[in-house]
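for reference, the sequence and a predicted model appear below.
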Amino acid sequence: MTANEKRKLFRRLMNAPELLVLPGVYDGYSTRLVEQAGYRAAFITGAGISECIMGWADVGIMGFRENLEACRYLAGCSGMALFADGDTGYGNAVNVYFTARGFEDAGLAGVMIEDQVWPKRCGHMKGKEVISLEEGAEKIRAAAEARRDPGFIIKSRTDTLATHGIAEVIKRLNRYAEAGADLLFADALLSADEIATVAKNVPKPLCVNMGFGIRKRSTTPLLSPRRMQELGVAVAIYPRLLTSTAIRGMKNGLAALQQSIDTGEVVERPELAVSFEELNTLVGFDDVQAIERRFLTQDQLARKYRDAAP
């Protein structure tokens, strides 16, 4: 599927009556697992890339190049329509112009641009600051005009609820829609009523950020996909689902290793890990071998595999 076809697919899913659920992916494992699970689209979480690859919280430490290169790799290994998190665009409207074009050239279905002051931070953290409405609108206009493919989707995000209130959220999203945004995102809404209010008062599809399995949550309440659809939401992203569950899995694995160290015995916990064969299948080793069979000579294959068939 070409990048243009992926963008058309994402736009169809975004505008469909059913809620579009987008798991947050951040590396090759998560991207391939989501595709294997049957999803046709996913959201590349900037927080996940920053935290997983760089080891630092989502507070603006990751720059444009690190984000873009990670997204390029993920788009290249997947047939899904992947949506990028472009943070604030890494500067003013001129920077946003080149940020949007960079993600389009990298094969993404679209990019999200937010109206926080740089350095930004995760929308559910305290201490956020926002730029003016006028500057935010010009950033979205720059992103929209930068695209060569009109199918490339611009998603505008506002973080103004915490700083200005819900009236400003609605005002900004309407202005951003006028500036060229195709998808609107109000982060960190505090209730189902606020979600419904925003959905009723904006002219383009609305996206919300949803947690998963978090016991204590000080911002958006946990809602089922069915309930979000009833409230008028078009797209729901789950940016921290896979990062959080992956951390839990790694902690369980380390605990099993420590048990082996403490007891001096082999600890067999096959339920904690996938097999080597399953891992290789997930990351495309079968595809690599098929390419080898097509292009390596018979002598090369014989030397490489000897008695084992490739």
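The structure has been received and is ready for your questions.

okay, now the domains of the protein?
Using automatic domain parsing, the domain parsing of the chain gives 3-239, 274-310.

least confident of those domains, on average?
With a mean of 91, domain 274-310 has the lowest mean pLDDT of the domains of the chain.

can you give me phi and psi for residue 196?
Dihedral pair for residue 196: phi -60, psi -40, per degrees, to the nearest 10.

for it, which residues are in contact?
The contact partners of residue 196, by Cβ atoms under 8 Å, 6 or more residues apart in numbering, come to 231-232. C-beta: built from backbone N, CA, C; applies to glycine.

follow-up on the earlier one: okay if I get the domains of the chain as JSON lines plus distance to residue 263?
Shown next, in JSON lines, are the domains of the chain (distance: least, Cβ to Cβ, whole Å):
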{"stretch": "domain 3-239", "distance to residue 263": "30"}
{"stretch": "domain 274-310", "distance to residue 263": "24"}
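
just say which of those domains is most tucked in.
Highest mean neighbour count among the domains of the chain (mean count of other Cβ atoms under 10 Å): domain 3-239, with a mean of 20.

endpoint to endpoint, that one covers what distance?
22 Å (Cα to Cα, to the nearest Å).

can you give me the strands for this structure?
Taking DSSP state E as the test, the strands found in the chain are 20-25, 41-44, 81-85, 110-114, 153-158, 183-186, 206-209, 235-238.

how about those strands in a markdown table, adding distance to residue 195?
Converted to a markdown table, those look like this (distance: least, Cβ to Cβ, whole Å):
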| stretch | distance to residue 195 |
| --- | --- |
| strand 20-25 | 15 |
| strand 41-44 | 18 |
| strand 81-85 | 20 |
| strand 110-114 | 18 |
| strand 153-158 | 14 |
| strand 183-186 | 8 |
| strand 206-209 | 6 |
| strand 235-238 | 10 |
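
of all those, which lies closest to residue 56?
strand 81-85 (15.4 Å; Cβ to Cβ).

who does the closest one pair up with?
strand 41-44 (parallel), strand 110-114 (parallel) (DSSP bridges).

using a markdown table, lay out those strands together with distance to residue 220.
Below are the strands paired with strand 81-85 laid out as a markdown table (distance: least, Cβ to Cβ, whole Å):
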| stretch | distance to residue 220 |
| --- | --- |
| strand 41-44 | 15 |
| strand 110-114 | 16 |
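
quick one: closest of these to residue 234.
strand 41-44 (12.5 Å).

tell me the contacts of residue 15?
205, 234.

relative to residue 285, which of the strands paired with strand 81-85 is closest?
strand 41-44 (22.1 Å).

thinking again about what came up before, out of the strands paired with strand 81-85, nearest to residue 223?
Among the strands paired with strand 81-85, the nearest to residue 223 by Cβ to Cβ is strand 41-44 (17.1 Å).

ok, and what's touching that closest one?
By Cβ under 8 Å, 6+ apart, strand 41-44 touches 9-10, 13, 20, 22-26, 31, 34-35, 70-71, 74, 78, 80-85, 108-109, 237-239.

run the chain-centre distance for that strand.
Remark: strand 41-44 is offset 5 Å from the chain centroid, using Cα atoms, centre = their mean, to the nearest Å.

again with stretch 73-86
Worked out by Cα atoms, centre = their mean, stretch 73-86 lies 9 Å from the chain centre.

now do stretch 22-32
Distance, stretch centre to chain centre, for stretch 22-32: 8 Å (Cα atoms, centre = their mean).

between the two ends of it, how far is it?
Using Cα to Cα, first and last residues of stretch 22-32 are 14 Å apart.

and the helices in the stretch 201-310 of the chain?
225-230, 241-263, 276-282, 285-295, 298-305 (DSSP state H, counting those that start in this stretch).

the last one to helix 285-295, inter-axis angle?
An angle of 150 degrees separates the directions of helix 298-305 and helix 285-295 when computed by axes from the mean of the first three to the mean of the last three Cα atoms, to 10 degrees.

what helices and strands are in contact with helix 298-305?
Contact partners of helix 298-305 among helices and strands, from 3 or more Cβ pairs under 8 Å, 6 or more residues apart in numbering; DSSP states H and E: helix 285-295.

does residue 304 touch residue 296 like I think?
Yes. With contact defined as Cβ atoms under 8 Å, residue 304 reaches residue 296; the gap is 7.3 Å.

first-to-last residue distance for stretch 26-45?
6 Å.

ok so, going back, and residue 171, which of the strands of the chain is closest to it?
Closest among the strands of the chain, using Cβ to Cβ: strand 153-158, at 9.2 Å.

what are the contacting residues of the closest one?
Contacts of strand 153-158 (Cβ under 8 Å, 6+ apart): 7, 10-11, 14, 83, 100, 109-115, 123, 130, 136, 140, 143-144, 147, 168-169, 172-173, 176-177, 179-187, 207.

so what are the sheet partners of that strand and their directions?
strand 110-114 (parallel), strand 183-186 (parallel).

fine by me, thanks again.
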